[in-house]
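Asker: Following is a predicted model, sequence given first.
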Amino acid sequence: MAEGEVNYASVVFKRNSHPPPQARKEEETVYDEVKGQNKTTEETAVTNAGSLLEKKANNRRLQYQRLACCLGILCVILLLGIIAVIVVYQQSKITNLTVDVQNLTTRNLQLNSQNQQLETQRNNLTKRIQDLEKNLNELNVSRAQWSIDAYCPKKTNGRQCKPCQKDWEHTGSNCYAYNNADPPHRKTWEEARQDCRGKGSDLVVVHNEEEKNALNTYSVGSSGTDGYWFGLRAEGGRWKWIDGSDLTSYWTPQHPPPAADGQCVMSVQNNKWISVSCTEKKQWICIMKALSV
């Protein structure tokens, strides 16, 4: 029994070593299926590998696109920054130009104002010179006897004109110069008049109360017979002013004495006019028209 089982087992082993056609067919079928599965698996693996490569390529392409997008955004931001800097610079430049224009406008207004002031000063000086020339023509004084510097001396800030020359006193519309010379330097009436004429003036003539009061005021330190010559003398038995007009009034404190040729009149303070010889030597007072300033 045991031997028969051993034989059976041997037979079975042999049968397995040489399967029948049906079994071989089944094995081939199984092999084909396995082979087919392997092939399918390989194809699937290849497909999966291709998909993986394609996915990686897509990812890489996406990364490139993102990088390009970032670079583009960065360029836009940089461009906007440059534009902003340019705009700010231009605005700053425009502001500076506006300030410069305002400064130039202000300076131009200042220069115009200074020019108007200079023009006004020039016109005033021109008028003063014309007045001087008129005064000189009235007094028949030549230009050789006259200088503009006497009225309008030069200073650091330009000429400044005064109504009267230096050392002359201004009263009303006239300028007066009293010559209170010491006895050795005093003059006769005719010498005194020549001295006044040499200064572009003449001896004082009185035609109103203002001029009468001025003559009295500038008869400085006079008293008794020590007075000042002025422009009144006897001619042809009449008292005449050096401008040719007759004496009509203003003799104080009493009426004038008879006019005798060779007699001239001097002024003593306290409103006294005294007739003395024209050859006596006295002090004298000159007069000229004041400049309108």
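Answerer: All right, it came through fine.
Asker: which residue ranges form the strands in the stretch 51-200 of the chain?
Answerer: 154-155, 158-159, 169-171, 174-179 (DSSP state E, counting those that start in this stretch).
Asker: For those, could you give me CSV that also reports mean pLDDT, mean neighbour count and distance to residue 67?
Answerer: Quick note: C-beta positions are derived from backbone N, CA and C, even for glycine. As requested, these are arranged in CSV below (pLDDT from 0 to 100; neighbours: other CB atoms under 10 Å; distance: least, CB to CB, whole Å):
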stretch, mean pLDDT, mean neighbour count, distance to residue 67
strand 154-155, 71, 9, 83
strand 158-159, 70, 13, 80
strand 169-171, 91, 16, 99
strand 174-179, 92, 21, 101
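Asker: So which of those strands is nearest residue 241?
Answerer: Nearest of the strands of the stretch 51-200 of the chain to residue 241, taken as CB to CB: strand 174-179 at 14.5 Å.
Asker: what are the pairing partners of that closest one, and which direction each?
Answerer: If you go by DSSP bridges, strand 174-179 pairs up with strand 169-171 (antiparallel), strand 283-289 (antiparallel).
Asker: highest average neighbour count across those?
Answerer: strand 283-289 (a mean of 24; mean count of other CB atoms under 10 Å).
Asker: then that strand to CSV, C-alphas only?
Answerer: Output of strand 283-289 as CSV, limited to C-alpha atoms (Å, rounded to 0.1, in the frame of the first residue of the first chain):
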residue,chain,number,x,y,z
GLN,A,283,30.5,196.4,5.6
TRP,A,284,28.0,195.2,2.9
ILE,A,285,25.1,192.8,2.2
CYS,A,286,24.6,190.9,-1.2
ILE,A,287,21.4,189.3,-2.4
MET,A,288,20.5,186.8,-5.2
LYS,A,289,17.4,184.8,-6.0
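Asker: Let me know the average pLDDT across that strand.
Answerer: The average pLDDT within strand 283-289 is 93.
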